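**Q** pasting a predicted model and its sequence here:
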Amino acid sequence: MRDEVLGNPIDGRGDQARTPLIGCDDEQQEFYEKFSLLTNELATANRELAKKNDEIQCLNDKFQLFSDAVERSNEAIVFTDPDETIIFVNGAFSQITGYSAEDVIGRTPRILSSGHHDKEFYRRMWESLSENGFWHGEIVNRRKNGDTFPEFLTINTITNRDGRVSHYAGFFSDATTHKVQEAQLRKINSELEQFAYVTSHDLREPLRMISSYIGLIERDGKHLFDKRMMDYFGFVRSGAERMDRLILDVLAFSRVGRYEMARTRIDLPALIERVTAQLRGTLDGCGGRIAVVGELPPVYGVESEVERLFVNVLSNALKYCDQGRPPRIILSGKVDREMGVYAVADNGIGIEGQFLDRIFRMFQRLHAREAFGGGTGIGLAICRKVVENHGGRIWVESEPGRGSTFTFTLPLADSA
């Protein structure tokens with residue numbers, strides 16, 4: 001359908017046809033053209049306005065979604081201005097702390113202070129916010145009723161276009177239940193470790209007796225038994241010795257972190273020298289070499305456990321070597337924030353991808369019992385326990401036929 005304005009058609013877009021008016025003078029023609037131009041501009045403005053309205057509606061929908069997510073979050077959320085004055089809290093904040101929004105808006109988060117932390121704690125917090133733009137950690141605060149509670153807190157800085165801090169955003173959750181469960185888990189683990197320790201210790205005595213009597217039979221019974229019987233006695237002795245090694249490893253595993261041993265600064269170059277001396281016989285026998293590349297950052301930890309960690313990882317690299325080439329092990333370290341990252345790379349047989357996590361579990365072996373010098377399958381489980389007991393983690397990257405790299409993190413002495 002076509003509309004007409006002053007006798008001339010307008011197309012579907014509202015554009016006025018540029019044909020002269022019949023019977024009109026120049027003044028009327030000029031008026032008509034201006035009117036047509038204004039009509040077109042108005043149509044364009046209406047389209048732009050509709051587009052802006054759609055954008056505003058989209059922004060409103062996003063704001064409503066954000067608002068609902070914040071308000072329904074189980075994690076407490078608080079926003080402050082650059083002067084730390086609280087401008088917003090969500091419902092979870094009130095549920096956890098007991099303070100309503102009216103109680104805290106216009107005040108500072110210091111209303112939650114429990115007095116549990118010293119000035120140095122807060123100095124480090126603000127230093128991290130200034131340098132990194134965030135802080136994450138555990139803090140003890142106080143509810144409105146006076147009860148203290150642990151929380152996991154993350155603070156982020158929000159900056160404007162000039163790069164200046166415009167707001168601080170805090171996110172925290174009540175860690176009380178987590179702490180109770182953690183304490184219960186520690187108690188269960190302690191009881192299990194105590195059971196493993198006592199059981200393993202008590203098992204060694206009958207094993208020693210078996211080994212001793214089998215040794216006497218093998219020494220004095222050669223004229224009483226034929227070769228087949230003597231071979232059977234040899235199998236019994238071998239099994240008893242293997243069981244004794246297994247018990248010793250279980251004992252070693254149960255001892256890791258079992259007692260509150262003093263943690264000190266550990267200079268790794270000196271420790272690696274001692275470890276290398278312990279492995280000297282193995283190194284000479286297989287023609288292996290251990291090379292340290294770069295500096296090894298000092299560790300803060302239990303020295304005997306850290307030494308056991310390096311012994312196990314390095315001896316593991318020497319054990320699973322390719323028979324066609326002598327072992328070459330490269331030990332390196334670097335700093336990542338407050339942790340030292342240490343890597344032991346070898347040129348051994350490597351590990352298939354599906355077994356990379358399995359090797360850190362108890363009693364897990366990827367090869368036949370007597371292959372590569374035997375073993376109990378506990379060595380790497382001990383390594384993981386030592387690392388995790390120090391607050392770090394351990395993982396492995398490997399390519400079959402080319403070697404493996406075991407990497408683990410430990411706390412730095414300089415940041416303790």
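**A** Done, it's in.

**Q** now do the residue nearest to Ile77 when sequence neighbours are not counted: how many residues are near it, please.
**A** Using Cβ to Cβ, 6 or more residues apart in numbering and skipping the chain neighbours, the partner closest in space to Ile77 is Asn90 (4.5 Å). Placement of C-beta: from N, CA and C, glycine included. Close neighbours of Asn90, defined as other Cβ atoms under 10 Å, add up to 21.

**Q** can you pull the contacts of Asn90?
**A** Val70, Glu71, Ser73, Ala76, Ile77, Val78 (Cβ atoms under 8 Å, 6 or more residues apart in numbering).

**Q** Three-state assignment for the fifth one, please.
**A** Classification of Ile77 by DSSP: H, G, I helix; E, B strand; the rest coil places it in strand.

**Q** and it, bridged to which residues?
**A** Judged by DSSP bridges, the bridge partners of Ile77 are Phe171.

**Q** so how far is Gly294 from it?
**A** 43 Å (Cβ to Cβ, to the nearest Å).

**Q** repeat that for Arg204.
**A** For Arg204, the distance to Gly294 - Cβ to Cβ - is 43 Å.

**Q** how about the helices in the protein?
**A** Counting by DSSP state H, the chain has helices at residues 26-72, 91-97, 101-104, 119-132, 176-220, 227-255, 268-278, 280-286, 303-319, 379-389.

**Q** neighbours of Asn135, just the number please.
**A** Rather than Asn, residue 135 is Trp. For Trp135, the count of nearby residues is 21 (other Cβ under 10 Å).

**Q** okay, now the unreliable bits of the stretch 201-350 of the chain?
**A** The stretch 201-350 of the chain contains residues with pLDDT under 70 at 201, 249, 253-261.

**Q** with the stretch 1-150 of the chain instead?
**A** Looking at the stretch 1-150 of the chain by pLDDT under 70, you get 1-25, 63, 66-70.

**Q** now do the buried residues in stretch 337-348.
**A** For stretch 337-348, a neighbour-count test (16 or more other Cβ atoms under 10 Å) marks Met339, Gly340, Val341, Tyr342, Ala343, Val344, Ala345, Asp346, Asn347, Gly348 as buried.

**Q** measure how the longest strand anywhere in the chain sits relative to helix 176-220, angle-wise.
**A** For the chain, the strand that runs over the most residues, judged by DSSP state E, is strand 148-159. With axes from the mean of the first three to the mean of the last three Cα atoms, to 10 degrees applied, the angle from strand 148-159 to helix 176-220 works out at 110 degrees.

**Q** what residues does strand 148-159 touch?
**A** For strand 148-159, contacts defined as Cβ under 8 Å, 6+ apart pick out 96, 114, 116, 125, 129, 133-143, 165-176, 178-179.

**Q** how about it as CSV, C-alpha atoms only?
**A** Coordinates of the C-alpha atoms in strand 148-159 are reproduced here as CSV (Å, rounded to 0.1, in the frame of the first residue of the first chain):
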residue,chain,number,x,y,z
THR,A,148,34.3,-15.8,65.7
PHE,A,149,34.3,-17.9,62.6
PRO,A,150,36.9,-18.9,59.9
GLU,A,151,36.2,-17.8,56.3
PHE,A,152,37.8,-18.3,52.9
LEU,A,153,38.1,-14.7,51.5
THR,A,154,38.9,-13.3,48.1
ILE,A,155,39.3,-9.6,47.5
ASN,A,156,39.6,-8.1,44.1
THR,A,157,40.3,-4.5,43.1
ILE,A,158,38.1,-2.8,40.4
THR,A,159,39.8,0.0,38.5
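
**Q** partners of that strand, with directions?
**A** strand 134-142 (antiparallel), strand 165-174 (antiparallel).

**Q** for Ala240, find the nearest of the ones you listed.
**A** For Ala240, the closest of the strands paired with strand 148-159 is strand 134-142, at 48.5 Å, according to Cβ to Cβ.

**Q** hang on, the earlier thing: mind picking the two most distant members of the contacts of Asn90?
**A** Glu71 and Val78 (12.9 Å).

**Q** can you pick out the residue with more neighbours from those two?
**A** Val78 (24 against 11).

**Q** that one contacts Ile86, doesn't it?
**A** Yes. Contact criterion Cβ atoms under 8 Å: Val78 and Ile86 qualify, at 6.1 Å.

**Q** and for those two, which residues touch both?
**A** In contact with both Val78 and Ile86: Val104, Pro109, using Cβ under 8 Å, 6+ apart.

**Q** sorry, back to before: okay, Arg204 and Gly294: which has more neighbours?
**A** Arg204 (14 against 9).

**Q** ok, that one - contacts?
**A** Going by Cβ under 8 Å, 6+ apart, the list of residues near Arg204 reads Asp244, Ile247, Leu248.

**Q** could you dump the residues you listed into a markdown table with distance to Phe233 and neighbour count added?
**A** Output for the contacts of Arg204, formatted as a markdown table (distance: Cβ to Cβ, whole Å; neighbours: other Cβ atoms under 10 Å):
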| residue | distance to Phe233 | neighbour count |
| --- | --- | --- |
| Asp244 | 16 | 16 |
| Ile247 | 21 | 19 |
| Leu248 | 23 | 14 |
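
**Q** which of those lies closest to Arg161?
**A** Closest to Arg161, out of all of those and judged by Cβ to Cβ, is Leu248, at 64.7 Å.

**Q** would JSON lines of the strands paired with strand 148-159 with distance to Lys227 be doable?
**A** Formatted as JSON lines, these follow (distance: least, Cβ to Cβ, whole Å):
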{"stretch": "strand 134-142", "distance to Lys227": "67"}
{"stretch": "strand 165-174", "distance to Lys227": "71"}
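
**Q** so which of those strands comes closest to Gly392?
**A** Across the strands paired with strand 148-159, closest to Gly392 is strand 134-142 (Cβ to Cβ), at 17.0 Å.

**Q** that closest one: which residues count as buried?
**A** Trp135, Ile139, Asn141, Arg142.

**Q** list the contacts of the last one.
**A** By Cβ under 8 Å, 6+ apart, the contact set of Arg142 is Leu112, Ser113, Ser114, Gly115, Thr148, Phe149.

**Q** for the fifth one, which non-adjacent residue is closest in space?
**A** In other words, Thr148. Using Cβ to Cβ, 6+ apart, the closest residue to Thr148 is Ser114 (4.7 Å).
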